[in-house]
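Colleague: Here you go, sequence then predicted model.
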Amino acid sequence: MVESKSRLQIFNTLTRQKELFEPLNPPHVGMYVCGPTVYGDAHLGHARPAVIFDVIFRYLKFLGYQVRYVRNITDVGHLENDADEGEDKVEQKARLERLEPMEIAQYYSNRYHYNMDQLNVLRPSIEPLASGHIIEQQELVKKILSNGYAYEINGSVYFDVEKYSKNYPYGELSGRKLEEMIAFTRALEGKSEKRSPYDFALWKKAQPTHIMRWPSTWSEGFPGWHLECSAMGNKYLGEKFDIHGGGMDLIFPHHEAEIAQSMAAYGNQPVKYWLHNNMVTINGQKMGKSLGNFITLDEIFSGNHPQLEKAYSPMIIRFFILQAHYRSTLDFSNDALQAAEKALKRLIEAYHQIDKIPSSEASSINIHELRQACFDGMNDDFNSSIVLANLFEAVKMINLTLTGTETLTHDDIELLKLTFNDFLFQILGLADENPSDNSNLVNELMNLLLELRQEARDRKDWATSDRIRERLLKMGIEVKDSKDGPTWKIL
RNA sequence: GGUCUCGUGGCCGAGUGGCUAGGCACAGGUCUGCAAAACCUCGUACAGCGGUUCGAAUCCGCUCGAGACCUCCA
């Protein structure tokens, strides 16, 4: 087999270049991805990293690695801003709806899971809650304090970026220099108990109105936003693990802070490969909560949004996401989604045709080459777009073998089918949303109806023939006539 | 202001020194009682201006335009 897993190249944000993927402890791979903050419905911008890292998870497993995939749920809620009157996001919504904060978190967690299931996103190996790791986070704060990289003031603990940057490079991941940052923000600096505007909270004392709080040696409060990933990544994947992923918008300050926390606590880089997906845009602008231009997954799946011309199924969205490379922006539009819908349909239908290919003595197409091209695509920084392009080449070949223009041997047909199974379904995680594995009863009834219709057609009774077709269509069953007789499927 | 990314044919979207990804739309054709679908065929595009090179969409410089991060965000 020419399928070599040793050639997997991935783009590392830390070094800004593609690197050969070599796990720290093969065959094990540890991967951490920043999950959602559960205070709202998941939108397209959440779907992208979930799908992308799902594909990475699937591919690594396909290559034979034993992957532990950790994706957290942020249910603690963090400050809206650094101002003292900043209000906890989860709490804010809770007050609005008069629900327990944890009830809100649970509600949106459930909905997130449901949406992810719809998108055929596999559940991670571990899905830790920030609220379930308060002790671990406090331990981390203590460690950073005792190492001298944090200070306590008024019951809150802040990370001392300035001191840290004297001994370690701060800003490595995002390509920033502390002096430049401070020079720019000096004017914006308001009254704050922090020593520097770029210090960030490790532990925050809760205001009286703040409901989500935990006791600590410093105050009744809650952990800083960046802390949970450091604490939980460390707990489940160790002091240094292979892959850390998330959206590009998390590079600074979130992931930069994570690095600083781990360096300050343990003295080494927590992650070997940093992976970041680009944003989903709408009208050329980032789709995000703060801009209010997001479309939730439920809205997309139901078509219930003014910007949507129709509903788009989860697999269309998944396909749409995978048609672009993960480090490019992906622009949302109805045209693009409708194109994706048709393309996906063509792909799936061609797959079903594979069984009908007659086997020949010799092959006129090199299926091994095609299969290798798919591997090459995935190995080149998970380029799903290349994989799909190759599968579309296969679609054309399937159709040409059916018309007799091209030929395939029995073994090559099997390999072709395997390639679709491996790449389309197993690795890219797409699925046939309209499986026609209906009950025998339905099949029998349909056979009867189509038989009657055929008899009508034979005597050129078009009225009856069309009536059957139209009534079935109203019921949601599409009948199509072809040379080999009628076919039907449930829409 | 700083750091960074991007600008590809009607639309979406790969590629990144020479071998015209792919999808959708359009058009032509095949099939067909009709319908729908399906299938086949079809586009040398790479913001502009310079430069390097035998050769650039791909490297360098400048200009224009768009965006991201610097505050919560996937």
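Modeller: Now that the structure is in, tell me what you want to look at.
Colleague: any idea how far RNA strand B is from A:Leu416?
Modeller: Distance of A:Leu416 to RNA strand B, computed by C-beta to the nearest atom of the strand, to the nearest Å: 14 Å. Heads up, the C-betas are built off the backbone N, CA and C, glycines and all.
Colleague: Quick check on the closest residue to RNA strand B within the stretch 1-150 of chain A: phi, psi?
Modeller: When scored by C-beta to the nearest atom of the strand, the stretch 1-150 of chain A has A:Gly45 as its residue closest to RNA strand B, at 2.5 Å. When read as degrees, to the nearest 10, the backbone of A:Gly45 gives phi -70, psi -20.
Colleague: number of nearby residues for it?
Modeller: Using other C-beta atoms under 10 Å, A:Gly45 has 24 other residues around it.
Colleague: same question, A:Ile316
Modeller: Neighbours of A:Ile316 (other C-beta under 10 Å): 23.
Colleague: go on, A:Asp355?
Modeller: If you count neighbours by other C-beta under 10 Å, A:Asp355 ends up with 8.
Colleague: for it, what are its contacts?
Modeller: Counting by C-beta atoms under 8 Å, 6 or more residues apart in numbering, A:Asp355 touches A:Lys417.
Colleague: Mind pulling up the pLDDT for A:Asn434?
Modeller: In this model, A:Asn434 is scored at 71, pLDDT.
Colleague: Give the buried residues for the helix or strand hosting A:Gln338.
Modeller: Using DSSP states H and E, A:Gln338 sits within helix A:334-353. By neighbour count on 16 or more other C-beta atoms under 10 Å, the buried set for helix A:334-353 is A:Leu337, A:Ala340, A:Glu341, A:Ala343, A:Leu344, A:Leu347, A:Ile348, A:Ala350, A:Tyr351.
Colleague: Give me the number of neighbouring residues for A:Ser384.
Modeller: Neighbours of A:Ser384 under the rule other C-beta under 10 Å: 25.
Colleague: Tell me the residue of chain A that sits nearest RNA strand B?
Modeller: A:Gly247 (2.0 Å).
Colleague: tell me the phi and psi of that residue?
Modeller: phi -70, psi 150.
Colleague: Enumerate every residue touching it.
Modeller: By C-beta under 8 Å, 6+ apart, the contact set of A:Gly247 is A:Cys34, A:Gly45, A:Arg48, A:Pro49, A:His276, A:Asn277, A:Met279.
Colleague: give me that answer again for 6 Å
Modeller: Contact partners of A:Gly247, counting by C-beta atoms under 6 Å, 6 or more residues apart in numbering, are A:Pro49, A:Asn277.
Colleague: ok so, going back, tell me the contacts of the residue of the stretch 1-150 of chain A closest to RNA strand B?
Modeller: Contacts here follow C-beta under 6 Å, 6+ apart; on that basis A:Gly45 touches A:Val280, A:Met287.
Colleague: so what does the helix holding A:Gln338 touch, helix or strand wise?
Modeller: helix A:314-322, helix A:384-402 (3 or more C-beta pairs under 6 Å, 6 or more residues apart in numbering; DSSP states H and E).
Colleague: Check these for me and report the most buried one.
Modeller: Neighbour counts (mean count of other C-beta atoms under 10 Å) averaged over each of these peak at helix A:314-322, with a mean of 24.
Colleague: to the chain's geometric centre, what's the distance from that one?
Modeller: In terms of C-alpha atoms, centre = their mean, to the nearest Å, the centre of helix A:314-322 is set 11 Å apart from its chain centre.
Colleague: Which other helices and strands does it contact?
Modeller: Helix A:314-322 sits against helix A:44-62, helix A:334-353, with contacts defined as 3+ C-beta pairs under 6 Å, 6+ apart.
Colleague: which is the next helix or strand following the helix or strand bottoming out on mean pLDDT in chain A?
Modeller: None of the helices or strands of chain A scores lower by mean pLDDT, DSSP states H and E than helix A:89-97, at a mean of 70. Of the helices and strands lying after helix A:89-97 in sequence (DSSP H and E), the nearest is helix A:101-118.
Colleague: Is any residue of that next one near RNA strand B?
Modeller: No: counting by C-beta under 7 Å from any atom of the strand, RNA strand B is not contacted by helix A:101-118; separation bottoms out at 10.0 Å.
Colleague: List the buried residues of that helix.
Modeller: For helix A:101-118, by 16+ other C-beta under 10 Å, it's A:Pro101, A:Met102, A:Ile104, A:Ala105, A:Tyr107, A:Tyr108, A:Ser109, A:Arg111, A:Tyr112, A:Asn115, A:Met116, A:Gln118.
Colleague: burial count for A:Leu430?
Modeller: Neighbour count for A:Leu430, taken as other C-beta under 10 Å: 25.
Colleague: That one touches A:Asn421, doesn't it?
Modeller: No: here A:Leu430 does not reach A:Asn421: they are 11.1 Å apart, not a contact under C-beta atoms under 6 Å.
Colleague: pLDDT below threshold where in chain A?
Modeller: By pLDDT under 70, the weakly predicted segments of chain A are A:1-6, A:78-87, A:94-98, A:184-191, A:435-438, A:484, A:491.
Colleague: on that earlier part again, distance check, the residue of chain A closest to RNA strand B against A:Gln92.
Modeller: For A:Gly247, the distance to A:Gln92 (C-beta to C-beta, to the nearest Å) stands at 22 Å.
Colleague: on that earlier part again, angle of the helix holding A:Gln338 against helix A:384-402?
Modeller: Orientation check (axes from the mean of the first three to the mean of the last three C-alpha atoms, to 10 degrees): helix A:334-353 against helix A:384-402 gives 50 degrees.
Colleague: Which ones among the buried residues of helix A:334-353 also lie next to RNA strand B?
Modeller: Counting by C-beta under 7 Å from any atom of the strand, A:Ala340, A:Ala343, A:Ala350 from the buried residues of helix A:334-353 sit close to RNA strand B.
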